[in-house]
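> structure for the following, please:
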Amino acid sequence: MSTPYVSQTQYGKNEVFGLQVSRGQIQGHSAVIVFGYNPDVDLTQESVWPDGGVVPHPTSASVLKISSSDANDTSAGTGARTVFIEGLDGNYAVVSETVTLNGQTAVNTTHSYLYVNSFYVVTVGSGGENAGNINAGTGVVTAGVPAVLYDIIAAGFNNRTTGHYCVPAGYTGYMIQGLFSAGQASGTTAVTGFLKQHGPDGIVRVGAVSTVNNSAADYLFETPYMIPEKNCVGATAIGAATNNAVSSYFNIVLIKNSTGY
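Numbering: from 1, shown residues only. As a prediction, the model looks like this:
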């Protein structure tokens, strides 16, 4: 006999809203958790992701080339064997697929992507993790690295750590918490972080600015920060000195837009 797993609200008890969203118990609502990490932010502003530079803002969707910097990330290798990728197409609709890796040789995606929202390892060999950086991008691929990088799974992480997310068409995102943290060995210089939002109009708007020194800034939005459909949010950072480790975190509730009565 199966066990019914139900919400405690059915018994007149209270249950945390966020837990109900994560359990899929509230129609039209879903939880989105976005972590970002950049191990080396220097004197030029860059995205909170492993590659440095900034996450691109393309104007058209492209077939992506998936490749690794390490030959062991392949279909029968000791590293990562398959990866899952999900993002938005040219109409900002959600598309996804699983890709079988071929080491440093690029494998094309079936779908075209405007942005990547999820990218992680599905199956691995005996090493238990991706041996190299797994890249998703366009252009000429050299030693497993495409000329234009859309997203990356850093070696050993098995998951993207890209502080960037785009809301699909027909939905609105509500950020209920955002966190920015940074540190360096000396602990004597500051790092400035930015929450940025951009949409189809191409304008990048700053939503929040934080300056920290070996510490964190935690934003609990009592009134959630709204992200309209087809808009993206991302974290960037710049250091007053070199060699700063920076991380970001977004807690977003994605709600399907009303279609009328």
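
> quick one: low-confidence parts of the stretch 151-261 of the chain?
260-261 (pLDDT under 70).

> residue ranges of the helices in it, please?
Counting by DSSP state H, counting those that start in this stretch, the stretch 151-261 of the chain has no helices at all.

> tell me the centre residue of this structure?
Thr162 (4.1 Å; Cα atoms, centre = their mean).

> how about the closest residue to that residue other than its chain neighbours, secondary structure?
For Thr162, ignoring the flanking residues on the chain, the nearest one in space by Cβ to Cβ, 6 or more residues apart in numbering is Trp49 at 4.1 Å. Where C-beta positions appear, they are placed from N, C-alpha and C, glycine not excepted. In three-state terms, and counting by DSSP: H, G, I helix; E, B strand; the rest coil, Trp49 is coil.

> isn't Trp49 up against Asn38?
Yes: shown here, Trp49 and Asn38 form a contact pair, counting by Cβ atoms under 8 Å, at 5.9 Å.

> show me the chain divided up by domain.
The record's domain parsing of the chain by automatic domain parsing lists 28-54+164-256, 62-153.

> show me the contacts for Ser118.
For Ser118, the contact set (Cβ atoms under 8 Å, 6 or more residues apart in numbering) comprises 84-87, 96, 160.

> of the residues you listed, which belong to helices?
If you go by DSSP state H, the contacts of Ser118 have nothing in helices.

> Val121 touches Ile134, doesn't it?
Yes: counting by Cβ under 8 Å, Ile134 is a contact partner of Val121 at 7.4 Å.

> which residues do those two both contact?
With Cβ under 8 Å, 6+ apart as the test, Val121 and Ile134 both reach 80, 83, 153.

> tell me the mean pLDDT for stretch 65-72?
Averaged across stretch 65-72, pLDDT comes to 98.

> got any ranges where the stretch 1-150 of the chain has weak pLDDT?
Those would be 1-13, if you go by pLDDT under 70 across the stretch 1-150 of the chain.

> what ranges does it have for its helices?
Under DSSP H, counting those that start in this stretch, the stretch 1-150 of the chain gives helices at 17-22.

> tell me where the stretch 1-150 of the chain has strands.
Assigned by DSSP state E, counting those that start in this stretch, the strands in the stretch 1-150 of the chain fall at 29-41, 46-47, 62-68, 80-88, 94-100, 107-113, 115-124, 134-142, 145-153.

> quick revisit: now, the most widely separated pair of the contacts of Ser118?
With Cβ to Cβ as the measure, no two of the contacts of Ser118 lie farther apart than Ser96 and Arg160, at 13.5 Å.

> quick one: which of Val121 and Ile134 has more around it?
Neighbour count, other Cβ atoms under 10 Å: between Val121 and Ile134, Ile134 has more, with 30 against 22.

> so who does that one touch?
66-69, 73, 80, 83, 101, 119, 121, 152-153.

> quick check: the residue nearest to the centre of the chain vs Val212, distance?
With distances taken as Cβ to Cβ, to the nearest Å, Thr162 is found 20 Å from Val212.
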